[in-house]
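Undergrad: Structure of the sequence below:
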Amino acid sequence: MVNRKLHGADMLTDAGRAEWETRNARASALATSPYKSDFPLLAKRPDLAFLDSAATAQRPKVVLDAQKSFYETMNANALRGLYQLSVEATEAINASRAHIARFIGLTGKKDARDIVFCRNTSEALNLLAIAYAPTVLGPGDEVCITIMEHHSNLIPWQQACRLAGAKLVYMYPDEQGIISEEEMRAKIGPRTKIVSCIHVSNVLGVANDVKLMGEIAHEVGATMIVDGAQSVPHFPVDVTDLGCDFFAFSGHKVFGPMGIGVLWGRHELLDAMPPFLTGGEMIDAVTEQTATWAPVPEKFEAGTQDAAGIYALDAALTYVESIGFDAMVAREQALVAQCMRRLGELEFIRLIGPDDPALHHGVVSFNVCTVHPHDVASILDMDNVAIRAGHHCAQPLLAHLGIDSCCRASLAFYNDSSDIDRLVDGLNHVWSMFHG
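TA: Residues are numbered from 1 along each chain as shown. Have a look, this model is predicted:
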């Protein structure tokens with residue numbers, strides 16, 4: 001999975017080679033992007049190869065316009081006023097909540113009430129570690145996660161286990177980044193109270209089988225939590241089909257604004273949890289010495305929310321739906337296959353992650369032999385190529401892989417072949433600077 005070469009289809013099975021060739025055929029349609037003009041930053045910077053969408057995606061004009069429109073046409077504190085502007089702001093938030101519920105596969109009329117707004121996936125997972133974990137964790141209990149977790153889905157559970165006297169247990173992937181059923185069953189056991197797993201690794205790009213993991217968790221009476229920050233932007237998610245108990249994602253990775261995150265949870269679990277933050281709007285009644293809480297979701301949304309951001313996230317999801325995941329997935333898979341093939345042709349590149357491009361959901365991680373990733377990223381920046389370099393908030397995973405840091409090119413449907421060409425040219429430039 002690391003320190004290896006990938007030369008075209010040489011390392012694939014016959015079936016894998018056929019799929020590789022199919023994706024290469026699709027690549028002929030990748031010469032230009034029909035979507036870049038939708039994104040003002042990309043339209044204004046045709047010289048830029050933006051390959052860092054896993055960190056934050058670009059925003060289409062319709063999202064920027066929606067955020068601006070909220071402030072220009074309905075700027076008021078939602079939920080608190082009986083005048084028209086406040087009513088319109090409240091209705092906009094309610095509509096966004098209902099849209100998000102549908103977007104992640106919820107169809108019931110009451111499901112929108114189980115959508116909780118927060119700042120990002122990190123805050124959503126901290127909410128669960130602080131407000132939910134103490135209701136189920138005690139001394140000797142276990143929380144099970146994977147070694148590939150982003151720190152946002154690792155450190156909160158470290159802290160929760162420390163406070164409860166519980167143990168944090170790790171599942172490990174095989175050489176292709178896959179966590180097997182055997183590994184799941186070996187680590188999820190009678191002491192397990194919580195299983196929390198990243199849906200798609202932000203380093204390997206591989207999608208974990210969280211549905212199977214959830215089934216195993218439920219067999220032992222544990223709760224299943226899914227970090228969907230890297231899955232929601234790349235393929236359809238149906239939390240009902242996944243069978244999870246909680247699901248979190250960030251707006252800024254799915255072409256929405258920064259500062260807006262979403263937590264969904266089964267209503268009975270959210271209802272039984274204490275609040276995460278206290279203050280305005282999350283109460284039912286307050287006396288000098290006591291308080292009672294508002295129902296879900298208000299119980300978890302203390303203070304003034306980013307109403308304009310919520311409104312713009314609604315626009316982002318509408319934009320995604322206008323393109324369709326079928327088109328997005330096909331284009332991203334073709335781009336990833338092309339990127340891996342081109343990088344695999346460079347003798348000084350070591351690819352990281354599964355051999356099969358189809359297992360990489362928008363992410364291609366790699367290293368340049370003998371050159372530190374920070375130097376690689378800095379030199380690429382001189383050529384207007386934007387990638388991410390470092391530990392990617394996944395230090396335990398990198399330690400497991402035997403490396404300290406790596407480079408990551410993360411692609412979205414708005415990229416095209418020219419971005420990959422610039423990346424390859426830039427990497428040749430990096431190599432020539434260090435090795436003549």
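Undergrad: Give me the neighbour count for the nearest residue to Y170 once chain neighbours are set aside.
TA: Distances taken as CB to CB, 6 or more residues apart in numbering put I147 closest to Y170, at 4.9 Å, once the chain neighbours are dropped. (Glycine included, C-beta is placed from N, CA and C.) I147 has 18 neighbours, counted by other CB atoms under 10 Å.
Undergrad: With H372 instead?
TA: So H372, with other CB under 10 Å, has 15 neighbours.
Undergrad: hmm, what's the outermost residue in the chain?
TA: In the chain, the residue that sits farthest from the middle, by CA atoms, centre = their mean, is E288; the gap is 42.3 Å.
Undergrad: just to revisit the earlier point, OK, contacts around the residue nearest to Y170?
TA: Counting by CB atoms under 8 Å, 6 or more residues apart in numbering, I147 makes contact with Y170, M171, Y172, P173, P396, L397, H400.
Undergrad: Which single one of those residues is nearest to E72?
TA: Taking CB to CB as the measure, E72 lies nearest L397 of the contacts of I147, at 44.2 Å.
Undergrad: What count of nearby residues applies to that closest one?
TA: L397, neighbours per other CB under 10 Å, totals 25.
Undergrad: And it, how far from Y170?
TA: 10 Å (CB to CB, to the nearest Å).
Undergrad: R408 now?
TA: In terms of CB to CB, R408 sits 22 Å off from Y170.
Undergrad: When the two are compared, which one has more neighbours?
TA: Counted by other CB under 10 Å, R408 and Y170 do not tie: R408 has more neighbours, with 25 against 15.
Undergrad: My read is that the more buried one contacts C393, right?
TA: No: counting by CB atoms under 8 Å, R408 stays clear of C393, with 11.3 Å between them.
Undergrad: Are there residues contacting both of these two? Which ones?
TA: N202.
Undergrad: What residues of stretch 318-330 count as buried?
TA: By neighbour count on 16 or more other CB atoms under 10 Å, the buried set for stretch 318-330 is Y319, V320, I323, M328, V329.
Undergrad: after the helix or strand in which the last one is found comes which helix or strand?
TA: Looking back up the chat, that one is V329. Under the criterion of DSSP states H and E, V329 resides in helix 325-344. Using DSSP H and E, the next helix or strand after helix 325-344 towards the C-terminus is strand 349-352.
Undergrad: Please, which helix or strand holds P354?
TA: Using DSSP H and E, no helix or strand contains P354.
Undergrad: So it sits against V203, correct?
TA: No: under the criterion of CB under 8 Å, P354 makes no contact with V203, lying 11.6 Å away.
Undergrad: the more surrounded of the two?
TA: Set side by side, P354 and V203 show more neighbours around V203, with 25 against 22, by other CB under 10 Å.
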